[in-house]
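# This is a predicted model, with the sequence first.
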Amino acid sequence: MANNEFETIVNNSKEISLKWRALPAPQRGEFIRKFGEELRQQKESLAHIITKEARKIGTESLGEVQEAIDMCDFAVGLSRQLYGLTMPSERPNHRLQELWHPLGIVGCITAFNFPMAVFAWNFCLAAVCGNSIIWKPSPHSNECARGIKEAWDKVSGDFSDLILILEGGNEEAVSICEDNRIALVSATGSTQMGKELAPIVSARLGKLLLELGGNNAAIVCPSADLDLTIKGIAFSACGTSGQRCTSLRRLFIHQDIYDDCVERLKKCFDDLIIGCPTKEDSQIGPLISESSYNSMQQTLDSLKNKNVKVLGGERLHIEDPKEYYVKPALVLVENIEDEMLSETFAPILYVKKYKDLKDAISMQNNVSQGLSSSIFTNEMRESELFLSESGSDCGIANVNIGTSGAEIGGAFGGEKDTGGGRESGSDAWKNYMRRMTATINYGDELPLAQGVEFDES
Ligand code: NAD
């Protein structure tokens, strides 16, 4: 990347942010509403680009564009709800009030696996809050980024530069992190990426929003509805070829139902339709790259070398010989293996028996990541324990639903090595604004807080 190209992008982004923030928030919302309409119009063609680049099956690609549309609708509503609190002042004739203002430029670094939705989480909130955005997409998904930008350009009038794309790799991401004109860096990707980029932003005391790797687990209790449970596990573990940050990687099954559950899972994994993502009946497409395939095989080889039972996981030669289709792997473990503690971004599901729910919760939490978690149970005491302060330590905790497939209405993100960021719904918009506390004295005296006396005479 030429230095002057980056300079131009940052300068243009700064300039447009000053104009954009002067628009009343509901007018900004109107632009986002039109953007959502444009995405609706282009839903099929945008989904097609996702399938082409990220190799997602059709229904998931359409779902991803729908997520971007949902974010637009959410942001339009927010444009009239960027509320600040008013607090009672301890001083007579005073008012204490919070005001929320835009940050300026938001830098957005995204991963390959949600090439449009994660940008939409960031852009819709950043824009409605009055910011411009510079987007560095994954090198695997530049065409997705261009498709989104084209849709924005159709509705944005003089505000085309509100979205500026910086294509490239690590170097471009580092430039965003180093530049103190970029107020907030929102980065989605591996934990390793977060650990490399966070110190750069922190060194200039910039704001950070990190959405990093997961290592998600589910617990199956004896009372679980097993039909529902197996379906939830299959989608979470195998959907998107195990390439979701929320993909299910570890499964703890109660000893009383373990054999039955494992038999059902084996059958379910055998029946999955793995094939070209453009085919209507395909449920699982290929891995994104050869290196993803290699890291999956390295993990499985290392387990096999320890005589751990691995079912599936082999490469399937379907259609294009350059693509890496794999059968999802079921790994039946007796002990916690080291491989279970890190995220291999591929369809590998570790299955372990448990006896006591508290032990299962503790095994679930005993990893460095903290993104998503599930419990399958029909016992209220078990689900409430799981959701309590002694339960799951993740940012997402589901009951009778798999670990993946979140809706936009809730705040999305995870704890520990997942980075602590929250994006998308609820009050995640606050991450894209600066909070100003204003105290207004409408009296004719100047009482000081905490009863402090300062008599100038
Ligand atoms: P990745 O970390 O390889 O890349 C993500 C982005 O960061 C890309 O734009 C890439 O160019 C950039 N990047 C990567 N390493 C960098 C470095 N050292 N310096 C500067 N920039 C760097 O991730 P990926 O393979 O594209 O996506 C998969 C990962 O993303 C998984 O770990 C997954 O769990 C995570 N993810 C997390 C979330 C979430 O919301 N928590 C969502 C999607 C993906």
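The structure has been received and is ready for your questions.

# only C-alpha atoms for contact and neighbour calcs from this point on.
Fine.

# Name the residues of the host helix or strand of Ser362 that are buried.
Applying DSSP states H and E as the criterion places Ser362 in helix 357-365. Applying a neighbour-count criterion of 16 or more other Cα atoms under 10 Å, one finds Leu357, Ala360, Ile361, Met363, Gln364, Asn365 buried in helix 357-365.

# buried residues in stretch 428-443?
So, applying 16+ other Cα under 10 Å, buried residues of stretch 428-443: Ala428, Trp429, Lys430, Asn431, Tyr432, Met433, Asn441.

# nearest to the ligand, of the residues you listed?
Ala428 (13.1 Å; Cα to the nearest ligand atom).

# pretty sure that closest one contacts Arg422?
Yes - using Cα atoms under 8 Å, Ala428 is in contact with Arg422, at 5.8 Å.

# For those two, list the residues in contact with both.
Ala411 (Cα atoms under 8 Å, 6 or more residues apart in numbering).

# residue ranges with poor pLDDT in this protein?
1 (pLDDT under 70).

# Quick one: name the residues of the stretch 101-250 of the chain near the ligand.
Residues of the stretch 101-250 of the chain lying near the ligand by Cα under 6 Å from any ligand atom: 109-114, 136-139, 169-170, 173-174, 188-190, 193, 196, 211-214, 245.

# In strands, which of the residues you listed appear?
Counting by DSSP state E, these place Ile109, Lys136, Thr188, Glu211 in strands.

# burial count for the second one?
For Lys136, the neighbour count with other Cα atoms under 10 Å is 26.

# sorry, back to before: what about burial for the residues of the stretch 101-250 of the chain next to the ligand, which qualify?
109-114, 136-138, 173-174, 188-190, 193, 211-214, 245.

# The lengthiest helix in the chain vs the ligand: in contact?
Ranked by residue count and defined by DSSP state H, the top helix of the chain is helix 58-78. No - against the ligand, helix 58-78 shows no contacts by Cα under 6 Å from any ligand atom, the least distance being 12.2 Å.

# Name the residues that touch that helix?
26, 29-30, 32-33, 35-37, 39-40, 43-44, 46-48, 50-51, 114, 116-117, 120-121, 124-125, 128, 240, 277-280, 407-409, 424-425.

# and whatever residue of the stretch 251-400 of the chain ends up closest to the ligand, what does it touch?
Nearest to the ligand in the stretch 251-400 of the chain, going by Cα to the nearest ligand atom, is Phe345, at a distance of 6.3 Å. The contact partners of Phe345, by Cα under 8 Å, 6+ apart, come to Gly242, Gln243, Arg244, Ser292, Met296.

# cutoff 7 Å now
Each residue near Phe345 by Cα atoms under 7 Å, 6 or more residues apart in numbering is listed here: Gly242, Gln243, Ser292.

# what about the last one, which SS state?
Going back to what we said before, that points to Ser292. helix (DSSP: H, G, I helix; E, B strand; the rest coil).

# What count of nearby residues applies to it?
With other Cα under 10 Å as criterion, Ser292 counts 16.

# Repeat that for the first one.
Other residues near Gly242 number 24, with proximity taken as other Cα under 10 Å.

# quick one: contacts for it?
Gly242 neighbours (Cα under 7 Å, 6+ apart): Phe345, Ala346, Pro347.

# Please parse this structure into its domains.
3-212+419-438, 216-399 (automatic domain parsing).

# which ones are touching the closest residue to Gly419 other than its chain neighbours?
Leaving aside its chain neighbours, Gly419 sits nearest to Leu210 (4.9 Å; criterion: Cα to Cα, 6 or more residues apart in numbering). The contact partners of Leu210, taken as Cα under 7 Å, 6+ apart, are Ser186, Ala187, Thr188, Gly194, Gly419, Gly420, Gly421.

# what does Trp152 give?
Contacts of Trp152 (Cα under 7 Å, 6+ apart): Phe35, Ser160.

# Does it belong to a helix, a strand or coil?
Per three-state DSSP, Trp152 ends up helix.

# quick one: it and Lys34, what's the gap?
9 Å (Cα to Cα, to the nearest Å).

# again, but for Gly206
32 Å.

# can you check Lys327 too?
Counting by Cα to Cα, the gap from Lys327 to Lys34 is 42 Å.

# Next: Asn3.
34 Å.

# of these two, who's got more company?
The neighbour comparison of Asn3 against Lys34 (other Cα under 10 Å) goes to Lys34, with 19 against 8.

# surely that one meets Lys154?
No - look at Lys34 against Lys154 with Cα atoms under 7 Å: they stay out of range, at 9.2 Å.

# Overlap of the contact sets of the two?
With the criterion set as Cα under 7 Å, 6+ apart, the contacts of Lys34 and Lys154 do not overlap.

# how far out from the middle of the chain is stretch 74-94?
28 Å (Cα atoms, centre = their mean, to the nearest Å).

# Residues in contact with the strand or helix carrying Asp260: which ones?
Secondary-structure assignment from DSSP H and E places Asp260 in helix 258-271. With contacts defined as Cα under 7 Å, 6+ apart, helix 258-271 is touched by Ile230, Pro328, Lys353.

# again, 10 Å this time
Residues from elsewhere that reach helix 258-271 (Cα atoms under 10 Å, 6 or more residues apart in numbering): 220-222, 226-227, 229-231, 233-234, 237-238, 252-255, 311-312, 327-330, 332, 351-354.
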